[in-house]
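Participant: show me how the following folds:
(4 chains)
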Protein chains: 2
Amino acid sequence: MQKDLSTEERILSAAQKVFLAKGMDGARMQDIADEAGINKALLHYYFRSKDKLFEEIFLKVAASFLPKIFQVLNTDSSVFGKIESFCDEYISQIVKTPYVPIFILNEINRQPKTFLKKVFGSNKPPVEKFFKQISEEVQAGIIKPVEPFHLLINVLSLCVFPVLASPLIQLVGGLNNEQFNQMMERRKKEVSQLIINSIKT
Amino acid sequence: MQKDLSTEERILSAAQKVFLAKGMDGARMQDIADEAGINKALLHYYFRSKDKLFEEIFLKVAASFLPKIFQVLNTDSSVFGKIESFCDEYISQIVKTPYVPIFILNEINRQPKTFLKKVFGSNKPPVEKFFKQISEEVQAGIIKPVEPFHLLINVLSLCVFPVLASPLIQLVGGLNNEQFNQMMERRKKEVSQLIINSIKT
DNA sequence: GTCTATATTCCGATAGAC
DNA sequence: GTCTATCGGAATATAGAC
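Facilitator: As a prediction, this is how the structure comes out:
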């Protein structure tokens, strides 16, 4: 409970924390009220219903997370540079907010059309420019012939999955939380090198 | 509703379907009863509570899924052979039951210690033999020096993540379900080649 | 705006007839 | 074993005082 913030801000902050930890179905309005240091009635005063409050949070979280995936891909670096930046920035981001990816995947799985439409609108995520750049660098002989779509999926998978499965991975490797984070730190280079080595001529 | 099965089997089948689709928190006993073609009271007659029924399903699903990850790693093939078999078999399995991975990750995230302990008992997943084999093949000059733990994480990530994020990936690639499955089929070779190329001398 | 108290709905679980 | 009916509690939401 942060007393310096406005009530509305405290509610949003508390709701985000609770929804991220428990998901829409597992979260209770009482939990959120407790976390914000207020009572349930006030939640309904500010946001009409649990659904409305959840949607507010989901869109905020998803909009600040998903587009970042594609942002790096639209800078004006080389393909190699983009891959390195992506691994570096995205793993940093994910390790800081480890609940976010599974939260988003979950709610997308339950409401595939509704939510994705609200996040991206009617346009597809902006990957065309990146795919085109890859084709050009293939033509120029800088990188080997490669499926751009698979390349994108590979990088994403290698960065995000370990966090999604962290309890399992920590069990297999016998890692505590700090050791896991150190492993993810090393992984920035591990992943970008793996991908870059696979495509450089 | 399958009339040829015993009531208990019908309940288990219905419960699995509903729990996989909605998770523990989102599932309703009424949903399960409807799916099984019976009424709520009978659910409680066969399984004392929702918790007990869920645990039954979770352990069944997790026990038939997680150990398979490590099973291939303990055959007597070469490292290359194991990687190929793994990608082939695991992707086939996942595409057939796409709800399973996110279901398991979700419930593990909410009950990290309880459930993992029940699935694996007190032992760690059996990866030591595989890790040792990798060290030996590195010594023998068959494969490049490599972190066995990262190698395992890489293969797992590349196989499982695309299914976890399938709604997003289908949106980015403009793929319908059938096209997605075809892409996953091609991915069996894509992934094993990527990994094998990265370690062969 | 914020609270207490209460209405309302939903859901897991049980009682009891057949 | 299976059903209908119902209990009891929990959770969302509202009413109304301050």
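Participant: flag every buried residue along the lowest-mean-pLDDT helix or strand in chain A.
Facilitator: None of the helices or strands of chain A scores lower by mean pLDDT, DSSP states H and E than helix A:112-120, at a mean of 79. Using 16 or more other C-beta atoms under 10 Å in any protein chain shown as the test for burial, helix A:112-120 gives A:115-116, A:119-120. Any C-beta I mention is one placed from the backbone N, CA and C, and that applies to glycine too.
Participant: helices or strands up against that helix?
Facilitator: Here helix A:112-120 touches helix A:50-71, helix A:99-110, helix B:166-173, going by 3 or more C-beta pairs under 8 Å, 6 or more residues apart in numbering or on different chains; DSSP states H and E.
Participant: is it true that A:Val95 touches A:Met184?
Facilitator: Yes - using C-beta atoms under 8 Å, A:Val95 is in contact with A:Met184, at 5.2 Å.
Participant: that older thread, contacts with DNA strand C among the buried residues of helix A:112-120, please.
Facilitator: With C-beta under 7 Å from any atom of the strand as the criterion, no member of these is in contact with DNA strand C.
Participant: just curious, which of those residues is nearest to A:Glu9?
Facilitator: Nearest to A:Glu9, judged by C-beta to C-beta, of these is A:Val119 at 22.5 Å.
Participant: for the closest one, what are its contacts?
Facilitator: The contact partners of A:Val119, by C-beta atoms under 8 Å, 6 or more residues apart in numbering or on different chains, come to A:59, A:62-63, A:66.
Participant: in TSV, list the buried residues of helix A:112-120 along with distance to A:Ile199.
Facilitator: Compiled in TSV, the buried residues of helix A:112-120 are given as follows (distance: C-beta to C-beta, whole Å):
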residue	distance to A:Ile199
A:Phe115	33
A:Leu116	29
A:Val119	30
A:Phe120	28
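Participant: let me know the closest of the residues you listed to DNA strand C.
Facilitator: In terms of C-beta to the nearest atom of the strand, no member of these lies closer to DNA strand C than A:Phe115, at 20.4 Å.
Participant: can you list the domains in chain A?
Facilitator: For chain A, automatic domain parsing gives the domain ranges A:1-48, A:58-199.
Participant: out of these, which is closest to B:Leu42?
Facilitator: Nearest to B:Leu42 among these is domain A:1-48 (24.4 Å), distances taken as C-beta to C-beta.
Participant: ok, and what's touching stretch A:132-151?
Facilitator: Counting by C-beta under 8 Å, 6+ apart, A:78-79, A:127, A:130-131, A:195, A:198-201, B:172-173, B:183, B:187, B:190 sit against stretch A:132-151.
Participant: kindly recompute the last result at 6 Å.
Facilitator: For stretch A:132-151, the external contacting residues (C-beta atoms under 6 Å, 6 or more residues apart in numbering or on different chains) are A:79, A:131, A:199, A:201, B:173, B:190.
Participant: and the two most separated of those?
Facilitator: A:Thr201 and B:Gly173 (25.8 Å).
Participant: so those two - more neighbours on which side?
Facilitator: B:Gly173 (18 against 10; other C-beta atoms under 10 Å in any protein chain shown).
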